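[1] predicted coordinates and the sequence they were generated for:
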Amino acid sequence: MRVCAMNLRRVLVVALTAISLPIAAQHAPQRAAVASAHPLASAAGIETLAAGGNAFDAAIAVSAALSVVESFGSGIGGGAFFLLHRAEDDFQVMVDARELAPGAADRDMYLDAAGEPIPGASRDGALAAGIPGLPAGLAHLADRYGDVPLAVSLQPAIRYAREGFPAYADYLERLRRRAPVMNEVALEALTPGGQLPREGELVVQPDLAQTLEALARHGAAGFYTGVVADRLVAGVRAGGGIWTLEDLADYAVVERRPISGTYRGVEIVTVPPPSSGGVALVNMLNMLSGYELAALDSASRTHLLAEVMRRAYRDRAEFLGDPDFVDVPVERLTHPYYAAGQRTTLRMDRATPSEELPGIFADGSGGGDQTSHFSVLDQAGNAVAVTQSVNFSFGSGYMPAGTGVILNNEMDDFSIKPGVPNGYGLIGTTANAIAPHKRMLSSMTPTLLKSDRGMALLGTPGGSRIITMVLLASLAWIEGGDAQAMVGVPRVHHQYYPDVIEHEAAALDGTAISALQGLGHSLRRVGRDYGDMHVVTWDFASGEVDAASDPRGIGEPRFGGR
Ligand code: DON
């Protein structure tokens, strides 16, 4: 393994952890598995394992392949959280490759002279893009955890970019929808001759291939310095953005200690701030541990779930932000005693209106299926859960000339003004206000569950709904369900504001809906089922490995050796 001094310098090691569980006899995984949002990305992971890589190398391959074949959801112009479990020493860590605000960013940069949000400013175009973290994350994984160089693990992605992948319906639909905000460079790259590709036509991305090659050859320096960096900064500034070469050169991933909790004998290992997901997930499970969830009928179960979701999202709005900038009370929020206190305000016979909880108020909601999650397990038992994003479909819609890189619009995940909802209807205050070099709060929740029974890796896209999807799927596994059951569970969601239970059609029947209304809940059936979860499970007693991709998407798991 080649260790690049430059990359080592970029790594700020904040905290490491080795959490070990007393685990009954473990049988090694009978096969390796990758579950991701696109069959070509899953195949890239298996190809890398066959080339001598471990699960971490496979994760690099899947991540980069998604950058190419699912560029609307995530990519090297965006960021990621990598949750790693290394088998040989039970070491677990989150590699935080989240985007951060440029050095010239300012708390009020998306407000007009009257202090009102400028429509679209934090969402469309070069000013909406945070400094990407994904390329540094990939280089870090290769340097520190991989068995093969980036030149091997990035090979499938480079090939997909150079030789093309067949355009598919979902890709084309998102491209059609986001094209109106795209810059000329992006349009020329993605809609050659001003035309959307036809379904099945090969999408060839030579500039992106070249940028990936620079990363493969030079590691993070190939993206954050030199020709690529020059083009990124020139392109962003030409589009009214504020990036500098220093912003790129100074980007560093952070290793952070995962959040952990236990629920009914299952250990939950999940992501810490700047994700809000892990804190909320553990807090919700802690609240639920005071009830016999399995004994409840559909309406009572949904009521209880909505009430714990409401409370966790209230705290998200008030307390969560980049831990390098604000003091997030993680210990308190994830402590069982705190949840016990929250339970004293929770009644089974009526909904608690959100405005009765202390807090800040706003309106709006939302979620989508851009962003991407994948899960990887190798036969040594190394496990990776990754959620990565450019935020909206095709991020900011902005591509700097000569890079092939679609830039994120993750700046919208900051609270651009207290109480003003972001693209997912989420609100925040000063904890998540914009500041130079600060990471914007995320909901991405790659998670690992462990018990005597085995291990499950999970996560999903879906904006503000990510955390509640991960909760529901975790409960499905904890209650005995398999990978298929986890991805298939019909979804319900509450996020404090707006004060409404959103649900998929299959989640609630008429009787349950009337009962919930009787308790004082408002309900809204979502127009389209949501989420795109990809799960891998490992049964310790048999060594059996299973995987499942969300029936709502086009992903497929792949299995292989090593
Ligand atoms: O980090 C976050 O929470 C968001 N940028 C994730 C966006 C997302 O999941 C979009 N897809 N629905």
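    Nice, I can see it.
[2] what ranges do the strands span in the stretch 401-550 of the chain?
    Ranges of strands within the stretch 401-550 of the chain are 447-450, 454-458, 492-493, 501-503, 523-525, 534-539, 545-549, based on DSSP state E, counting those that start in this stretch.
[3] the ligand is nearest to which of those strands?
    Checking the strands of the stretch 401-550 of the chain against the ligand by CB to the nearest ligand atom gives strand 492-493 as the closest, at 12.3 Å. C-betas here are computed from N, CA, C, even on glycine.
[4] picking up where we left off before, could you dump the strands of the stretch 401-550 of the chain to a markdown table with distance to the ligand?
    Formatted as a markdown table, these follow (distance: least, CB to the nearest ligand atom, whole Å):
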| stretch | distance to the ligand |
| --- | --- |
| strand 447-450 | 14 |
| strand 454-458 | 14 |
| strand 492-493 | 12 |
| strand 501-503 | 14 |
| strand 523-525 | 17 |
| strand 534-539 | 14 |
| strand 545-549 | 16 |
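[5] the helix ranked longest in the chain near the ligand at all?
    Longest helix of the chain, by residue count under DSSP state H: helix 298-319. No. Helix 298-319 stays clear of the ligand (CB under 6 Å from any ligand atom), getting no nearer than 10.7 Å.
[6] now the strands of the stretch 401-550 of the chain in JSON lines, with distance to Gly219, mean neighbour count and mean pLDDT?
    Output for these, formatted as JSON lines (distance: least, CB to CB, whole Å; neighbours: other CB atoms under 10 Å; pLDDT from 0 to 100):
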{"stretch": "strand 447-450", "distance to Gly219": "27", "mean neighbour count": "26", "mean pLDDT": "98"}
{"stretch": "strand 454-458", "distance to Gly219": "27", "mean neighbour count": "28", "mean pLDDT": "98"}
{"stretch": "strand 492-493", "distance to Gly219": "40", "mean neighbour count": "28", "mean pLDDT": "98"}
{"stretch": "strand 501-503", "distance to Gly219": "43", "mean neighbour count": "24", "mean pLDDT": "98"}
{"stretch": "strand 523-525", "distance to Gly219": "47", "mean neighbour count": "14", "mean pLDDT": "97"}
{"stretch": "strand 534-539", "distance to Gly219": "27", "mean neighbour count": "28", "mean pLDDT": "98"}
{"stretch": "strand 545-549", "distance to Gly219": "30", "mean neighbour count": "24", "mean pLDDT": "98"}
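[7] you'd agree Tyr497 is up against Pro421?
    Yes. Using CB atoms under 8 Å, Tyr497 makes contact with Pro421 at a distance of 7.5 Å.
[8] flag every residue of the protein that's near the ligand.
    367-371, 389, 391, 410, 413, 442-444, 461-463, 466.
[9] among those residues, which are in helices?
    Checked against DSSP H, the residues of the chain next to the ligand include these in helices: Ile466.
[10] hmm, which of the residues of the chain next to the ligand is lowest in pLDDT?
    Checking pLDDT across the residues of the chain next to the ligand, the minimum falls on Gly367 at 52.
[11] so for stretch 283-293, what gets flagged as buried?
    283-291, 293 (16 or more other CB atoms under 10 Å).
[12] most proximal residue of the stretch 101-250 of the chain with respect to the ligand?
    Nearest to the ligand, among the residues of the stretch 101-250 of the chain, is Gly130, at 9.9 Å (CB to the nearest ligand atom).
[13] wait, what's in contact with that residue?
    Residues near Gly130 by CB atoms under 8 Å, 6 or more residues apart in numbering: 79, 99-102, 408, 410-411, 440.
[14] quick check on it: phi, psi?
    Dihedral pair for Gly130: phi -80, psi 170, per degrees, to the nearest 10.
[15] now it. Nearest residue, chain neighbours left out?
    Nearest non-adjacent residue to Gly130, counting by CB to CB, 6 or more residues apart in numbering: Glu99, 3.1 Å away.
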